[in-house]
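Q: Provide a 3D model corresponding to the input given below.
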Amino acid sequence: MGERRYRVAIVGGAGMWGKHYLKAAADHDMVDPILVDSSPRREEFAGNLGVTEIYEGLDDLLAKDTPDVVCNVLPVGIAHELVVRCAEAGVRVISCEKPIAVELSTADYMVETCRQHGAAFGCATAHWEVPFLRETAAWIADGNIGEVTSVAIPGGLPVEVSGAGCVQLTQMRGVTGCEVEWVEGGTLPPLSGYRAPEADDLTMDCPAYGRLGLTNGIVCEVLEPRSERRVSCRVSVTGTKGKVFMQSQGNVYIVGTGAGATPVWPDFVQGERRRSMASRLQCLLEAVDSGATEVPCSGHDYRQALEIAIAIKLSAAAGNQRVTLPLADRSHRILPHPYRRLGGDVAGYESIGYDGPPKAEGHS
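A: Residues are numbered from 1 along each chain as shown. Model (predicted):
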(Lines give C-alpha, C1' and ligand atoms only; values in the text may rest on other atoms or scores of the structure.)
Protein backbone atom coordinates (compact mmCIF):
# COMPACT_ATOMS: atom_id res chain seq x y z
CA MET A 1 0.00 0.00 0.00
CA GLY A 2 1.11 3.55 -0.68
CA GLU A 3 1.76 6.14 1.97
CA ARG A 4 -1.35 7.71 3.51
CA ARG A 5 -1.98 11.13 2.06
CA TYR A 6 -4.42 13.83 3.17
CA ARG A 7 -6.30 16.29 0.99
CA VAL A 8 -6.39 19.58 2.93
CA ALA A 9 -8.17 22.68 1.65
CA ILE A 10 -7.17 26.10 2.95
CA VAL A 11 -10.02 28.53 2.33
CA GLY A 12 -8.64 32.06 2.44
CA GLY A 13 -5.09 30.75 2.01
CA ALA A 14 -3.92 33.94 0.28
CA GLY A 15 -4.90 36.03 3.30
CA MET A 16 -2.76 37.42 6.11
CA TRP A 17 -3.40 34.49 8.46
CA GLY A 18 -4.42 31.95 5.85
CA LYS A 19 -0.99 32.08 4.20
CA HIS A 20 0.49 30.45 7.32
CA TYR A 21 -2.02 27.61 7.12
CA LEU A 22 -1.29 27.20 3.41
CA LYS A 23 2.45 27.07 4.08
CA ALA A 24 1.98 24.51 6.89
CA ALA A 25 -0.05 22.33 4.53
CA ALA A 26 2.42 22.70 1.65
CA ASP A 27 5.39 21.90 3.93
CA HIS A 28 3.77 18.71 5.30
CA ASP A 29 5.14 15.60 3.59
CA MET A 30 1.80 13.76 3.69
CA VAL A 31 -0.54 16.59 2.62
CA ASP A 32 -1.84 17.45 -0.82
CA PRO A 33 -2.77 21.11 -0.30
CA ILE A 34 -5.71 22.81 -2.01
CA LEU A 35 -6.00 26.59 -2.15
CA VAL A 36 -9.47 28.14 -2.14
CA ASP A 37 -9.32 31.93 -2.42
CA SER A 38 -11.13 34.61 -4.41
CA SER A 39 -8.38 37.24 -4.26
CA PRO A 40 -6.10 38.03 -7.23
CA ARG A 41 -3.16 36.91 -5.06
CA ARG A 42 -4.11 33.23 -5.20
CA GLU A 43 -2.05 32.25 -8.25
CA GLU A 44 1.14 33.81 -6.86
CA PHE A 45 0.62 32.27 -3.41
CA ALA A 46 -0.04 28.84 -4.89
CA GLY A 47 2.90 29.08 -7.28
CA ASN A 48 5.41 29.99 -4.60
CA LEU A 49 4.47 26.88 -2.61
CA GLY A 50 3.97 24.50 -5.50
CA VAL A 51 0.22 24.21 -4.90
CA THR A 52 -1.41 23.09 -8.13
CA GLU A 53 -5.05 22.65 -7.10
CA ILE A 54 -6.77 26.04 -6.88
CA TYR A 55 -10.43 27.06 -6.62
CA GLU A 56 -12.03 30.47 -6.44
CA GLY A 57 -14.82 29.35 -4.10
CA LEU A 58 -15.58 26.55 -1.65
CA ASP A 59 -18.69 25.47 -3.55
CA ASP A 60 -16.55 24.82 -6.63
CA LEU A 61 -14.39 22.44 -4.61
CA LEU A 62 -17.23 20.67 -2.80
CA ALA A 63 -19.07 20.11 -6.08
CA LYS A 64 -16.07 18.05 -7.24
CA ASP A 65 -14.64 16.50 -4.09
CA THR A 66 -14.87 16.21 -0.30
CA PRO A 67 -11.42 16.90 1.19
CA ASP A 68 -10.22 15.22 4.38
CA VAL A 69 -9.79 18.60 6.09
CA VAL A 70 -11.06 22.11 5.37
CA CYS A 71 -9.50 25.04 7.21
CA ASN A 72 -11.70 28.12 6.84
CA VAL A 73 -9.34 31.03 7.49
CA LEU A 74 -11.89 33.72 6.81
CA PRO A 75 -13.35 36.84 8.42
CA VAL A 76 -15.73 36.05 11.26
CA GLY A 77 -18.58 37.68 9.35
CA ILE A 78 -18.68 34.83 6.82
CA ALA A 79 -16.71 31.93 8.33
CA HIS A 80 -19.74 30.42 10.05
CA GLU A 81 -21.54 29.87 6.75
CA LEU A 82 -18.65 27.89 5.32
CA VAL A 83 -18.14 25.80 8.47
CA VAL A 84 -21.80 24.73 8.28
CA ARG A 85 -21.56 24.12 4.54
CA CYS A 86 -18.53 21.85 5.05
CA ALA A 87 -20.28 19.82 7.76
CA GLU A 88 -23.39 19.38 5.65
CA ALA A 89 -21.24 18.32 2.67
CA GLY A 90 -19.66 15.52 4.71
CA VAL A 91 -16.24 17.01 5.48
CA ARG A 92 -15.05 15.07 8.54
CA VAL A 93 -12.57 17.60 9.97
CA ILE A 94 -13.18 21.36 9.85
CA SER A 95 -11.59 24.42 11.41
CA CYS A 96 -12.02 28.18 11.47
CA GLU A 97 -10.19 31.13 12.98
CA LYS A 98 -10.88 33.43 15.92
CA PRO A 99 -13.18 34.77 17.16
CA ILE A 100 -15.57 31.94 16.37
CA ALA A 101 -18.59 34.16 15.72
CA VAL A 102 -20.16 37.55 16.32
CA GLU A 103 -23.35 36.24 17.96
CA LEU A 104 -23.48 33.49 20.57
CA SER A 105 -26.37 31.72 18.84
CA THR A 106 -24.26 31.50 15.67
CA ALA A 107 -21.45 29.81 17.59
CA ASP A 108 -24.00 27.39 19.07
CA TYR A 109 -25.24 26.53 15.59
CA MET A 110 -21.73 25.94 14.26
CA VAL A 111 -20.82 23.60 17.12
CA GLU A 112 -24.11 21.68 17.05
CA THR A 113 -24.17 21.32 13.26
CA CYS A 114 -20.68 19.82 13.27
CA ARG A 115 -21.65 17.43 16.06
CA GLN A 116 -24.85 16.37 14.29
CA HIS A 117 -22.86 15.52 11.17
CA GLY A 118 -20.04 13.77 13.05
CA ALA A 119 -17.46 16.38 12.05
CA ALA A 120 -14.53 17.28 14.27
CA PHE A 121 -14.48 21.07 14.62
CA GLY A 122 -11.33 22.93 15.60
CA CYS A 123 -10.90 26.67 16.05
CA ALA A 124 -7.76 28.79 15.92
CA THR A 125 -4.44 28.07 17.65
CA ALA A 126 -4.61 29.11 21.31
CA HIS A 127 -3.35 25.75 22.60
CA TRP A 128 -0.09 26.20 20.65
CA GLU A 129 0.51 29.90 21.25
CA VAL A 130 2.05 29.01 24.59
CA PRO A 131 4.39 26.00 24.82
CA PHE A 132 3.14 22.58 25.91
CA LEU A 133 -0.29 23.69 27.13
CA ARG A 134 -1.82 20.22 27.28
CA GLU A 135 1.30 18.67 28.81
CA THR A 136 1.36 21.43 31.41
CA ALA A 137 -2.31 20.86 32.22
CA ALA A 138 -1.62 17.16 32.83
CA TRP A 139 1.47 17.99 34.93
CA ILE A 140 -0.60 20.30 37.14
CA ALA A 141 -3.40 17.73 37.38
CA ASP A 142 -0.84 15.16 38.56
CA GLY A 143 -0.24 17.31 41.66
CA ASN A 144 3.19 18.71 40.85
CA ILE A 145 2.29 22.12 42.30
CA GLY A 146 -0.08 20.71 44.92
CA GLU A 147 -3.71 21.68 45.12
CA VAL A 148 -4.56 24.57 42.83
CA THR A 149 -5.55 27.61 44.88
CA SER A 150 -5.80 30.40 42.31
CA VAL A 151 -5.60 31.23 38.62
CA ALA A 152 -4.91 34.57 36.95
CA ILE A 153 -4.67 36.32 33.61
CA PRO A 154 -2.05 38.81 34.90
CA GLY A 155 -2.14 41.26 32.00
CA GLY A 156 -5.91 41.30 31.69
CA LEU A 157 -7.47 41.43 28.25
CA PRO A 158 -5.71 44.60 27.03
CA VAL A 159 -7.01 45.01 23.48
CA GLU A 160 -10.24 43.07 22.87
CA VAL A 161 -12.33 40.97 25.24
CA SER A 162 -13.45 38.79 22.32
CA GLY A 163 -11.30 39.35 19.22
CA ALA A 164 -7.98 38.70 20.97
CA GLY A 165 -9.15 37.94 24.51
CA CYS A 166 -10.69 34.66 23.36
CA VAL A 167 -7.14 33.28 23.12
CA GLN A 168 -6.29 33.79 26.79
CA LEU A 169 -9.76 32.67 27.90
CA THR A 170 -9.29 29.47 25.90
CA GLN A 171 -5.79 28.96 27.30
CA MET A 172 -7.11 29.43 30.83
CA ARG A 173 -9.83 26.82 30.32
CA GLY A 174 -7.33 24.50 28.65
CA VAL A 175 -4.70 24.55 31.36
CA THR A 176 -7.19 24.30 34.25
CA GLY A 177 -9.71 21.93 32.68
CA CYS A 178 -12.46 24.07 34.22
CA GLU A 179 -15.58 25.75 32.96
CA VAL A 180 -16.63 29.24 34.07
CA GLU A 181 -19.76 29.33 36.24
CA TRP A 182 -20.03 33.06 36.88
CA VAL A 183 -18.43 36.34 35.83
CA GLU A 184 -17.92 39.74 37.44
CA GLY A 185 -16.54 42.02 34.77
CA GLY A 186 -15.29 45.48 33.99
CA THR A 187 -14.33 47.16 30.73
CA LEU A 188 -12.14 50.02 29.51
CA PRO A 189 -12.68 52.36 26.55
CA PRO A 190 -11.87 50.79 23.17
CA LEU A 191 -8.49 51.37 21.60
CA SER A 192 -8.42 53.88 18.76
CA GLY A 193 -9.87 52.35 15.60
CA TYR A 194 -11.09 49.17 17.29
CA ARG A 195 -14.73 50.11 17.77
CA ALA A 196 -16.91 48.77 14.97
CA PRO A 197 -19.00 51.63 13.51
CA GLU A 198 -22.24 49.69 14.11
CA ALA A 199 -21.42 48.80 17.73
CA ASP A 200 -23.01 50.36 20.78
CA ASP A 201 -21.40 50.32 24.23
CA LEU A 202 -22.65 46.81 24.98
CA THR A 203 -21.69 45.19 21.67
CA MET A 204 -18.33 46.88 21.02
CA ASP A 205 -15.12 44.91 21.52
CA CYS A 206 -12.85 46.55 24.08
CA PRO A 207 -10.27 45.87 26.83
CA ALA A 208 -11.65 44.05 29.87
CA TYR A 209 -10.91 42.58 33.28
CA GLY A 210 -12.78 40.95 36.14
CA ARG A 211 -13.24 37.74 38.12
CA LEU A 212 -14.26 34.35 36.75
CA GLY A 213 -15.68 31.69 39.03
CA LEU A 214 -14.46 28.24 37.95
CA THR A 215 -16.13 24.86 38.41
CA ASN A 216 -13.49 23.73 40.93
CA GLY A 217 -14.42 26.60 43.25
CA ILE A 218 -11.31 28.60 42.33
CA VAL A 219 -11.52 32.19 41.09
CA CYS A 220 -9.56 33.34 38.07
CA GLU A 221 -8.52 36.96 38.50
CA VAL A 222 -8.37 38.84 35.18
CA LEU A 223 -6.37 41.91 36.14
CA GLU A 224 -7.15 45.36 34.82
CA PRO A 225 -4.84 46.10 31.85
CA ARG A 226 -2.20 48.77 32.44
CA SER A 227 -1.07 50.82 29.46
CA GLU A 228 2.32 51.56 31.00
CA ARG A 229 3.46 47.92 31.08
CA ARG A 230 3.24 44.87 28.88
CA VAL A 231 2.69 41.59 30.71
CA SER A 232 4.13 38.58 28.90
CA CYS A 233 2.42 35.96 31.07
CA ARG A 234 -0.82 34.79 29.47
CA VAL A 235 -2.10 32.64 32.36
CA SER A 236 -0.69 31.76 35.78
CA VAL A 237 -1.72 28.87 38.00
CA THR A 238 -0.83 28.84 41.71
CA GLY A 239 -0.90 25.77 43.91
CA THR A 240 -0.08 24.92 47.52
CA LYS A 241 3.36 23.64 46.41
CA GLY A 242 4.30 25.76 43.43
CA LYS A 243 3.30 27.91 40.48
CA VAL A 244 3.27 27.96 36.67
CA PHE A 245 3.51 30.98 34.38
CA MET A 246 2.30 30.30 30.83
CA GLN A 247 3.91 32.61 28.28
CA SER A 248 4.71 32.46 24.60
CA GLN A 249 8.48 32.79 24.98
CA GLY A 250 8.65 29.86 27.40
CA ASN A 251 6.74 28.73 30.48
CA VAL A 252 8.14 29.06 34.00
CA TYR A 253 7.58 26.12 36.37
CA ILE A 254 8.22 26.64 40.07
CA VAL A 255 8.02 23.92 42.71
CA GLY A 256 8.17 24.66 46.43
CA THR A 257 7.19 27.64 48.53
CA GLY A 258 8.97 30.45 50.30
CA ALA A 259 12.76 30.20 50.37
CA GLY A 260 12.54 26.64 49.07
CA ALA A 261 10.81 27.58 45.80
CA THR A 262 12.88 26.76 42.74
CA PRO A 263 12.40 26.61 38.98
CA VAL A 264 12.10 23.13 37.50
CA TRP A 265 12.07 21.75 33.97
CA PRO A 266 9.53 18.94 33.45
CA ASP A 267 10.68 16.26 31.02
CA PHE A 268 8.21 17.31 28.34
CA VAL A 269 9.79 20.75 27.89
CA GLN A 270 12.77 19.07 26.23
CA GLY A 271 10.51 18.06 23.32
CA GLU A 272 10.11 19.88 20.05
CA ARG A 273 7.78 22.85 20.07
CA ARG A 274 6.13 23.25 16.70
CA ARG A 275 4.76 26.51 15.35
CA SER A 276 1.08 26.99 15.96
CA MET A 277 -0.25 26.43 12.42
CA ALA A 278 1.79 23.24 11.93
CA SER A 279 0.57 21.93 15.27
CA ARG A 280 -3.02 22.90 14.51
CA LEU A 281 -2.81 21.08 11.18
CA GLN A 282 -1.25 17.96 12.71
CA CYS A 283 -4.02 17.84 15.31
CA LEU A 284 -6.63 17.94 12.54
CA LEU A 285 -4.86 15.20 10.57
CA GLU A 286 -4.81 12.99 13.64
CA ALA A 287 -8.58 13.42 13.90
CA VAL A 288 -8.91 12.16 10.32
CA ASP A 289 -7.04 8.98 11.28
CA SER A 290 -8.73 8.41 14.62
CA GLY A 291 -12.25 9.31 13.55
CA ALA A 292 -12.49 11.62 16.57
CA THR A 293 -15.43 14.01 16.64
CA GLU A 294 -13.81 16.34 19.17
CA VAL A 295 -10.36 17.90 18.87
CA PRO A 296 -8.22 19.99 21.23
CA CYS A 297 -8.64 23.75 20.81
CA SER A 298 -12.13 23.17 19.48
CA GLY A 299 -15.06 25.15 18.24
CA HIS A 300 -16.70 24.37 21.58
CA ASP A 301 -13.71 25.93 23.39
CA TYR A 302 -14.01 29.16 21.43
CA ARG A 303 -17.80 29.16 21.81
CA GLN A 304 -17.22 29.09 25.58
CA ALA A 305 -14.70 31.93 25.29
CA LEU A 306 -17.22 34.05 23.38
CA GLU A 307 -19.84 33.38 26.05
CA ILE A 308 -17.41 34.41 28.80
CA ALA A 309 -16.52 37.59 26.89
CA ILE A 310 -20.19 38.47 26.46
CA ALA A 311 -20.82 37.82 30.15
CA ILE A 312 -17.98 40.20 31.03
CA LYS A 313 -19.60 42.89 28.91
CA LEU A 314 -23.04 42.25 30.47
CA SER A 315 -21.60 42.38 33.98
CA ALA A 316 -19.72 45.62 33.28
CA ALA A 317 -22.88 47.21 31.88
CA ALA A 318 -24.70 46.27 35.09
CA GLY A 319 -22.09 47.83 37.38
CA ASN A 320 -19.95 44.68 37.80
CA GLN A 321 -22.95 42.64 38.88
CA ARG A 322 -22.37 38.87 38.86
CA VAL A 323 -23.61 37.09 35.72
CA THR A 324 -24.11 33.32 35.85
CA LEU A 325 -23.37 30.95 32.99
CA PRO A 326 -24.61 29.53 30.73
CA LEU A 327 -26.43 32.58 29.42
CA ALA A 328 -30.12 32.03 28.77
CA ASP A 329 -30.27 34.67 26.03
CA ARG A 330 -28.12 33.38 23.16
CA SER A 331 -28.75 36.43 20.95
CA HIS A 332 -26.04 38.51 22.67
CA ARG A 333 -23.11 39.47 20.49
CA ILE A 334 -19.83 41.35 20.31
CA LEU A 335 -18.89 43.17 17.11
CA PRO A 336 -15.13 42.80 16.60
CA HIS A 337 -12.72 45.10 14.83
CA PRO A 338 -13.83 45.56 11.17
CA TYR A 339 -10.69 43.70 10.01
CA ARG A 340 -11.72 40.60 11.95
CA ARG A 341 -15.32 40.77 10.77
CA LEU A 342 -14.86 41.84 7.13
CA GLY A 343 -11.25 40.95 6.31
CA GLY A 344 -8.30 43.05 5.23
CA ASP A 345 -9.35 43.29 1.59
CA VAL A 346 -12.50 45.13 2.72
CA ALA A 347 -11.54 46.88 5.97
CA GLY A 348 -7.92 47.54 5.01
CA TYR A 349 -4.90 45.70 6.37
CA GLU A 350 -3.49 48.93 7.75
CA SER A 351 -6.60 49.34 9.94
CA ILE A 352 -5.23 46.78 12.42
CA GLY A 353 -1.54 47.57 12.10
CA TYR A 354 -0.25 45.68 9.05
CA ASP A 355 1.80 47.49 6.42
CA GLY A 356 -0.44 46.26 3.60
CA PRO A 357 -1.77 43.08 1.97
CA PRO A 358 0.02 39.79 2.68
CA LYS A 359 3.02 38.76 0.62
CA ALA A 360 3.52 35.29 -0.80
CA GLU A 361 6.01 32.96 0.89
CA GLY A 362 7.90 29.90 -0.27
CA HIS A 363 8.70 26.58 1.42
CA SER A 364 10.73 26.49 4.62
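Q: Distance check, residue 353 against residue 84.
A: Counting by Cβ to Cβ, to the nearest Å, the gap from residue 353 to residue 84 is 31 Å. The C-beta positions use only the backbone N, C-alpha and C, and glycine is treated the same way.
Q: quick one, which of these two is more surrounded?
A: residue 84 (18 against 8; other Cβ atoms under 10 Å).
Q: Identify the residues contacting the residue nearest to that one when sequence neighbours are not counted.
A: Leaving out its chain neighbours, the residue that sits closest to residue 84 by Cβ to Cβ, 6 or more residues apart in numbering is residue 113, at 5.1 Å. Applying Cβ atoms under 8 Å, 6 or more residues apart in numbering, one finds that residue 113 lies in contact with 83, 84, 87, 88.
Q: Could you do residue 62 as well?
A: 85, 86, 89, 91.
Q: swap the cut-off to 7 Å and go again
A: Residue 62 is in contact with residue 89, counting by Cβ atoms under 7 Å, 6 or more residues apart in numbering.
Q: Find the helix or strand that it is a member of.
A: Secondary structure assignment for residue 62, by DSSP states H and E: helix 58-64.
Q: for that helix, the distance to its chain's centre please.
A: 26 Å (Cα atoms, centre = their mean, to the nearest Å).
Q: Same check on stretch 350-360?
A: Counting by Cα atoms, centre = their mean, stretch 350-360 comes out at 21 Å from the chain centroid.
Q: which parts of that stretch are buried?
A: Using 16 or more other Cβ atoms under 10 Å as the test for burial, stretch 350-360 gives 352, 357, 358, 360.
Q: Return, as residue ranges, the portions of the stretch 101-250 of the chain with sub-threshold pLDDT.
A: Applying pLDDT under 70 to the stretch 101-250 of the chain flags the ranges 228.
Q: Next one: the residue lying farthest from the centre of the chain from residue 52, what distance?
A: Ranked by distance from the centre of the chain (Cα atoms, centre = their mean), the top residue is residue 259, with 37.7 Å. Distance of residue 259 to residue 52, computed by Cβ to Cβ: 63 Å.
Q: from the buried residues of stretch 350-360, which two are the most distant?
A: For these, the farthest-apart pair by Cβ to Cβ is 352 and 360; their separation is 20.3 Å.
Q: Would you point out which residue is most central in this protein?
A: Most central in the chain (Cα atoms, centre = their mean) works out to residue 124, at 3.6 Å.
Q: For residue 144, see how far away that one is.
A: Noted for residue 124: a distance of 28 Å to residue 144, by Cβ to Cβ.
Q: Over to residue 257?
A: Relative to residue 144, and taking Cβ to Cβ, residue 257 is found at 13 Å.
Q: of the two, who's got more company?
A: Taking other Cβ under 10 Å, residue 257 and residue 144 do not tie; residue 144 has more neighbours (17 against 14).
Q: export the contacts of residue 113 to a markdown table and tack on secondary structure, pLDDT and distance to residue 306?
A: Output for these, formatted as a markdown table (DSSP: H, G, I helix; E, B strand; the rest coil; pLDDT from 0 to 100; distance: Cβ to Cβ, whole Å):
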| residue | secondary structure | pLDDT | distance to residue 306 |
| --- | --- | --- | --- |
| 83 | helix | 98 | 14 |
| 84 | helix | 98 | 17 |
| 87 | helix | 98 | 19 |
| 88 | helix | 98 | 22 |
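Q: Which of those residues ranks first by neighbour count?
A: Among these, residue 83 has the most neighbours (other Cβ under 10 Å), with 30 neighbours.
Q: Verify the contact between it and residue 109 for me.
A: No: with contact defined as Cβ atoms under 7 Å, residue 83 does not count as touching residue 109 (9.3 Å).
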